[in-house]
Each structure stands twice: as structure tokens, then as C-alpha cells.
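# got a sequence here, can you build the structure:
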Amino acid sequence: MIEDNQQEQEKSPLRLLREEAGLTRPQVKQIIGVSERRQADWESGKAMPSAENIASLCRLYKVSLKTMFKSLGIDVSSIPNDE
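Numbering: from 1, shown residues only. I've put the predicted structure just below:
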């Protein structure tokens, strides 16, 4: 149980979004055409997805841009919400 919690804590927010959407990296590759290696780089913070890929991930994971930006480590605290 403790080991499972440690593994969950080690997962990046972006990876958690993918897993919450019930998707694997190969599935994401098939849907949006981005290599598994590139996805791993995004999830580890080694690279940042392009705006187009961020939009694709938002649609795929069914999350807002603000949620996606937070998962990528971008400070959105002063960005107003859409109304």
C-alpha cells in the first residue's frame, strides 16, 4: 500500500491526466500522432508540447487549457477564468 502511494506521488500531473483518461502512450500516439518518447519527455518535464499538441491533449483528456497548463507546471494563478 505504501509502495503504491509512493508510485502515485512520483507520477507527473500530465501522466496522471493521461491515466485518468484511461489511455496509454501507444493509444495517444495513435490518436494524435506523437511518439511515445516525446510524450515521455513531456510527462517528465524534459520538453514542452507545442500549442497545437496542448490543444489536442486537452480535447483527448477532456480538460481545460488551464488544467493542462497547471499539469505542465505553468503558473496560471493570475489568468482569469472564462465567463
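# scan this protein for its longest helix.
Longest helix in the chain by number of residues (criterion: DSSP state H): helix 51-61.
# can you give me how far that one is from the chain middle?
9 Å (CA atoms, centre = their mean, to the nearest Å).
# so what's the spatially most central residue of the chain up against?
The centroid of the chain falls nearest to residue 14 when counting by CA atoms, centre = their mean (2.7 Å). Residues in contact with residue 14 (CB atoms under 8 Å, 6 or more residues apart in numbering) are 42-43, 57, 71-72. Yep, even glycine has a C-beta here, placed from its N, CA and C like the rest.
# pLDDT averaged over the helix or strand where it lies - what is it?
Secondary structure from DSSP states H and E places residue 14 in helix 13-20. For helix 13-20, the mean per-residue pLDDT is 98.
# may I have it as PDB, with CA atoms only?
C-alpha atoms of helix 13-20 as PDB (Å, rounded to 0.1, in the frame of the first residue of the first chain):
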ATOM      1  CA  PRO A  13       0.400  15.600 -13.300                       C
ATOM      2  CA  LEU A  14       0.400  15.200 -17.100                       C
ATOM      3  CA  ARG A  15       0.900  11.400 -16.800                       C
ATOM      4  CA  LEU A  16      -1.900  11.300 -14.200                       C
ATOM      5  CA  LEU A  17      -4.200  13.100 -16.700                       C
ATOM      6  CA  ARG A  18      -3.400  10.600 -19.300                       C
ATOM      7  CA  GLU A  19      -4.100   7.700 -17.000                       C
ATOM      8  CA  GLU A  20      -7.300   9.200 -15.700                       C
END
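# tell me which residues of it are tucked away?
For helix 13-20, burial by neighbour count (16 or more other CB atoms under 10 Å) applies to 14-15, 17-18.
# can you give me how far it is from the chain middle?
Distance of helix 13-20 from its chain centroid, counting by CA atoms, centre = their mean, is 5 Å.
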